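Student: Need a 3D model of the following:
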Amino acid sequence: MKNQDVVQQVFINGRRQPNSETNPLVFAGFAHFSAMQVRNGKVKGVDLHLERLRLASLTLFGKSVSDAQLLSYIREAIANSSDDCSLSVTLYSAHGEFTTRSMNTHPNVLVNTSAPSNGPQGPLRLTTIPHERHLPEIKHVGEIGKTYYLHQAKSLGFDDALFIDKQGRISEGTIWNVAFWDGNHVIWPSAAMLKGTMMSMLQRQLTKLNVPQRTTQLTLDELSSFTGAVVMNSWTPAVSVKGIDSESFEQSDTLKNMLHRAYETEMAKAV
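Tutor: Here you go, the predicted structure:
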């Protein structure tokens, strides 16, 4: 009779993987993260990343890791990687999914580094797809819809997807926030979405630069009133969008250049 005290094992393509502290991450679907770009050992919007991680941890786990501890983990990862890199911080429960043991527990912290990225060159063509993310205010893992709808958009001849909620409002892209230009204002959609750290950085810098901006509920009927559109995420402050479905935007580069200038005014800080 086999021993009933079974030790967790991980197999990939039939080959058993060495036991490791990272093995439970294969099943860590109850987790959240923040992604950032490190340049010269510094990060822009550190305060926004820390706030995101703190609030999401309190929501999911009931407890958070201190900012000082997170910064020490990030600092150590950079010191052992490169002063220029992509870096993500993932907080997860050691107890995994489908258990109440993940409640009111201090999460573990995984820091991952990889090659730096500046995002795609663009311009991009987007197609609209009805979709609402669950718990959209949290940057959580395991969102199959983001990749699935990217694939759907590509199969239709577009570069990526833009999501529309059940009320017909424009919300966000697969891994992007979106902004529009009407010739005078930067327009941000109002809907349930993940407010990206890049989006927050740009908004506060545009305010300091006295660039007019407004946030409002947007429907597809209003796309024809805009002359420019961009998407943004932790990779880049703006990638031009040349079209959404049948609508085209002639001044997307104007908006892109404005947002890149705003991003340059955001101070990078050593962690």
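
Student: that's a strand at residue 54, yeah?
Tutor: No. Assigned with DSSP: H, G, I helix; E, B strand; the rest coil, residue 54 falls outside any strand and is helix.

Student: Is the closest residue to it other than its chain neighbours in a helix, a strand, or coil?
Tutor: Excluding the flanking residues, the one nearest residue 54 by CB to CB, 6 or more residues apart in numbering is residue 64, at 4.7 Å. For the C-beta atoms, the positions are set from N, CA and C on the backbone; glycine is no exception. For residue 64, the assignment made with three-state DSSP gives coil.

Student: and residue 64, how many neighbours?
Tutor: By other CB atoms under 10 Å, the residues close to residue 64 number 20.

Student: Isn't it up against residue 50?
Tutor: No. Taking contacts as CB atoms under 8 Å, residue 64 lies outside contact range of residue 50: 9.8 Å.

Student: Look at the nearest residue to residue 104 once chain neighbours are set aside and say how many residues are nearby.
Tutor: In this structure, residue 104 finds its nearest non-sequential neighbour in residue 62, 4.1 Å apart by CB to CB, 6+ apart. Using other CB under 10 Å, residue 62 has 13 neighbouring residues.

Student: How about residue 39?
Tutor: Neighbours around residue 39, by other CB under 10 Å: 12.

Student: confidence score at it?
Tutor: We have a pLDDT of 97 for residue 39.

Student: Would you mark the buried spots in stretch 206-221?
Tutor: 206, 211, 218 (16 or more other CB atoms under 10 Å).

Student: For the closest residue to residue 124 other than its chain neighbours, which residues are in contact?
Tutor: With sequence-adjacent residues excluded and distances taken as CB to CB, 6+ apart, residue 124 is closest to residue 159, at 4.2 Å. Residue 159 sits next to 120, 124, 125, 126, 153 when contact means CB atoms under 8 Å, 6 or more residues apart in numbering.

Student: returning to that earlier point: of the buried residues of stretch 206-221, which is the nearest to residue 40?
Tutor: Using CB to CB, the shortest approach to residue 40 within those belongs to residue 206, at 24.4 Å.

Student: Just confirm that closest one contacts residue 215, I think it does.
Tutor: No. Using CB under 8 Å, residue 206 is not in contact with residue 215, being 11.8 Å away.

Student: Common neighbours of those two, please.
Tutor: Between them, residue 206 and residue 215 share no contacting residue, judged by CB under 8 Å, 6+ apart.

Student: for the stretch 51-200 of the chain, what spans make up the strands?
Tutor: 85-92, 108-114, 124-130, 160-164, 170-173, 177-181, 186-189 (DSSP state E, counting those that start in this stretch).

Student: looking at those, which is closest to residue 242?
Tutor: Taking CB to CB, strand 124-130 is the member of those nearest to residue 242, at 6.0 Å.

Student: Give me the angle between the closest one and strand 160-164.
Tutor: On the basis of axes from the mean of the first three to the mean of the last three CA atoms, to 10 degrees, strand 124-130 is oriented at 40 degrees to strand 160-164.
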